[in-house]
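**Student:** Predicted coordinates and the sequence they were generated for:
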Amino acid sequence: MLQKVEGIVLRASSYGESDKIVTIFSRELGKRAAMARGAKKPTSRLASVSQPFTYGYFLIQQGRGMGTLQQGEIIDSMRTIREDIFTTAYASFIMELVDKLIDDESPKPHLFDILHQALQAISDDYDPEAISLFVEWKMLATAGIYPVLHQCVNCGATDGEFAFSFAQIGFLCHRCFSIDRYLIRLTPAQVKLIRTFYTVPIDQVGKLTLKKETKTFIKKIIRTIYSEQVGIQLKSQKFLDQMERTPEFFTPKKDPSSEEH
C-alpha cells in the first residue's frame, strides 16, 4: 500500500553499496523505517530527501516488513542547521532524544509538532541550546514522567517560595521544604521559566534569550531527571558536553548572552 506522509528524517544509515535505511517520524504513521534504494548515489532522486533534518512529504510503500521510500518532496531541507556545528549539535541531540523516546509506530501528532517547531526555531536562528531545553521538558511525559509544576506537589499550595524536588518530581513550597533535604531552591523567575519550558508551545514563545548561567542551572535539573528517572544515554549529549568543556574549539554563529531572567 502506498501512503503519502508529512514527515521529518530522524536518521539515515548506509545499507550495502548504494542504499540507505531511513527513519522517518511522520504525522500520520509515527516513526517508520524505510529502505531508500540507491539513495547513496549523488544522482539519485532520493539522495537529498533522505538527509537527516529534512522536512517534507514522503511516499512510502508499506509491506509486511520494512517499507520502501518511493519518492519525496522537500518542504524545508533545514540546510541552515547543517551549516553550523553549534546548531547541528543541538538539533542532533533533539532528534536523538525524540528517536529514543518513541519506540512504536503509532501516530503522535503532538510530538511531531514539538519536533518540527524545534527544528524550525533553530533554523530561524533561535538559541539552539534554549530550544533543546524546551524539547527536553516537553518530552518528559513521553518518558512517563509527569512533574508537578503548577502547585506544591505535597500540599497543593500555589503561593510562596518554591524549590524543585527530585524525590517528589516537582515543586515544593516553602512550607514543605523539610520533606526533602536535597531540594533546589528557585527564584520566581526560575519557577516561571521552568513552567514555560514545560507548558508553552515552542512556536508561541518568541525570541527568548537566556543567560548562560540560567541555561546551565535549568539544564542540570532536567538532565538529573532524565538520568535518575528515565536512564537513557545519548551519544549526542556527550558531544554537547565536550563543547561545553572546550568552547575554544567551537565557534557558534553568535553568543546568545544578555537576558532578563
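**Tutor:** Nice, I can see it.
**Student:** Name the next helix or strand following whichever strand in the chain runs longest along the chain.
**Tutor:** When the chain is parsed with DSSP state E, its longest strand is strand 2-15. Tracing the chain past strand 2-15, the next element assigned as helix or strand by DSSP states H and E is strand 19-26.
**Student:** Which of the residues in whatever helix or strand His110 lives in are classified as buried?
**Tutor:** Secondary structure assignment for His110, by DSSP H and E: helix 109-123. For helix 109-123, the buried set under the neighbour-count rule, 16 or more other CB atoms under 10 Å, comprises 111-112, 114-123. From N, CA and C alone the C-beta is placed, and that goes for glycine too.
**Student:** Please name the nearest non-neighbouring residue to the residue nearest in space to the middle of the chain.
**Tutor:** Nearest to the centroid of the C-alpha atoms of the chain, with distances taken as CA atoms, centre = their mean, sits Ile94, at 3.1 Å. Nearest non-adjacent residue to Ile94, counting by CB to CB, 6 or more residues apart in numbering: Val135, 4.9 Å away.
**Student:** Distance of the one you found relative to Thr187?
**Tutor:** Distance, Val135 to Thr187, by CB to CB, to the nearest Å: 23 Å.
**Student:** who does the helix or strand that the helix holding His110 is followed by touch, helix- and strand-wise?
**Tutor:** Sequence order places helix 128-138 as the next helix or strand after helix 109-123, per DSSP H and E. Counting contacts by 3 or more CB pairs under 8 Å, 6 or more residues apart in numbering; DSSP states H and E, helix 128-138 packs against helix 85-101, helix 109-123, helix 188-199, helix 212-225.
**Student:** Of the ones you listed, which is nearest Leu2?
**Tutor:** For these, proximity to Leu2 was assessed by CB to CB; helix 109-123 is nearest, at 20.6 Å.
**Student:** Taking strand 19-26 as reference, get the angle to the closest one.
**Tutor:** Counting by axes from the mean of the first three to the mean of the last three CA atoms, to 10 degrees, helix 109-123 lies at 110 degrees to strand 19-26.
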